[in-house]
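Peer 1: Sequence and computational prediction follow.
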Amino acid sequence: MPATARDARHPARVVLLGASNLAMSLPHALAALAARVEMSPAAETAEPVHVLCANGHGRSYGLGSTVLVRWLPGIVGCGLWDALERDASTRPGATEAVLLDVGNDVPYGVPVATVLDWARTCLTRLAAVDARVTVVGLPIARVERLHPVALRVVHRALFPFSRVPPAELLPRARAIDAGLRDLAETFGARHRSLPLDWYGLDPIHVRPSARADAWRDWLDASHSAPPPSSALRRFCRRAAVRGPARRRVFGIVQRGQQPVGRWRDLSLSLY
């Protein structure tokens, strides 16, 4: 649906699910969403939009994941879903969601069917609150351009503990991408492919200069939406320090009070 058709629709809540791409581009997501909300005719009288976000470097959709000294629960098992159910039952209004980074588990040997089952679980829960969902595919076009030697280098650099041979990565990624298209059709969600020109040398992460365009597309924001300000970037850094609802650092369980803060017309919770 064109951006102009949805910009006037003021959602009550937005669910953002992903791993490192979402973690690195969260300021762009919030900037695009804030611009869209401010354009809404209801912006002056509506409550803040509640952004419920589950992200993190190395984040798995279904398994607990550790990066350096930090552990996070899998997305399907985190506290976001209970919070979403409570929010949807107590605050009227539309729910929107973006689901990305679904292929994060592939290099660690998680079967394709299991990864797609986790995505299906998320979509089923989002359907229960009548969410309008955007499913983001995998960067197949960029990975296909990699020379076999470059693929091995990237594989070793980004996934040093991977148990999957580099030659098996692309077939598995293609299978997941195709499965996501099917799931999007099944659940009536939008599917978004990842353009080749959004990537540079890193074939996994959207390059910084393309992140604003990506989130304008995924959130149906106006193309005049500004990039994140330095103040918004500081807000996101402070939110990350305050932490999600549950994590472990050096083996010590930390529980963060949610929401972690408010930016303009957005209230942010991390899980």
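Peer 2: Everything's here; your move. Numbers count the residues shown, from 1 in each chain.

Peer 1: In PDB, please show the C-alpha coordinates belonging to the biggest helix by length in the chain.
Peer 2: For the chain, the helix that runs over the most residues, judged by DSSP state H, is helix 166-187. Written as PDB, here are the backbone C-alpha positions of helix 166-187 (Å, rounded to 0.1, in the frame of the first residue of the first chain):
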ATOM      1  CA  PRO A 166      30.100 -22.000   3.600                       C
ATOM      2  CA  ALA A 167      28.800 -23.800   0.500                       C
ATOM      3  CA  GLU A 168      25.600 -24.700   2.400                       C
ATOM      4  CA  LEU A 169      24.800 -21.200   3.500                       C
ATOM      5  CA  LEU A 170      23.200 -19.900   0.300                       C
ATOM      6  CA  PRO A 171      20.900 -22.800  -0.300                       C
ATOM      7  CA  ARG A 172      19.700 -22.600   3.200                       C
ATOM      8  CA  ALA A 173      19.200 -18.800   3.000                       C
ATOM      9  CA  ARG A 174      17.300 -19.200  -0.200                       C
ATOM     10  CA  ALA A 175      15.000 -21.800   1.400                       C
ATOM     11  CA  ILE A 176      14.300 -19.500   4.300                       C
ATOM     12  CA  ASP A 177      13.700 -16.500   2.000                       C
ATOM     13  CA  ALA A 178      11.200 -18.600   0.000                       C
ATOM     14  CA  GLY A 179       9.600 -19.800   3.200                       C
ATOM     15  CA  LEU A 180       9.200 -16.200   4.500                       C
ATOM     16  CA  ARG A 181       7.400 -15.300   1.200                       C
ATOM     17  CA  ASP A 182       5.000 -18.200   1.700                       C
ATOM     18  CA  LEU A 183       4.400 -17.200   5.300                       C
ATOM     19  CA  ALA A 184       3.800 -13.600   4.400                       C
ATOM     20  CA  GLU A 185       1.200 -14.700   1.900                       C
ATOM     21  CA  THR A 186      -0.400 -17.100   4.400                       C
ATOM     22  CA  PHE A 187      -0.800 -14.500   7.100                       C
END
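
Peer 1: Would you map the helices across the protein?
Peer 2: Taking DSSP H as the criterion, the chain carries its helices at 3-6, 20-39, 80-90, 112-128, 140-144, 148-158, 166-187, 208-218, 230-242.

Peer 1: buried set for the fifth one?
Peer 2: Neighbour counts using 16 or more other Cβ atoms under 10 Å place 140, 141, 142, 143 of helix 140-144 among the buried residues. (Each C-beta comes from the backbone N, C-alpha and C, glycine too.)
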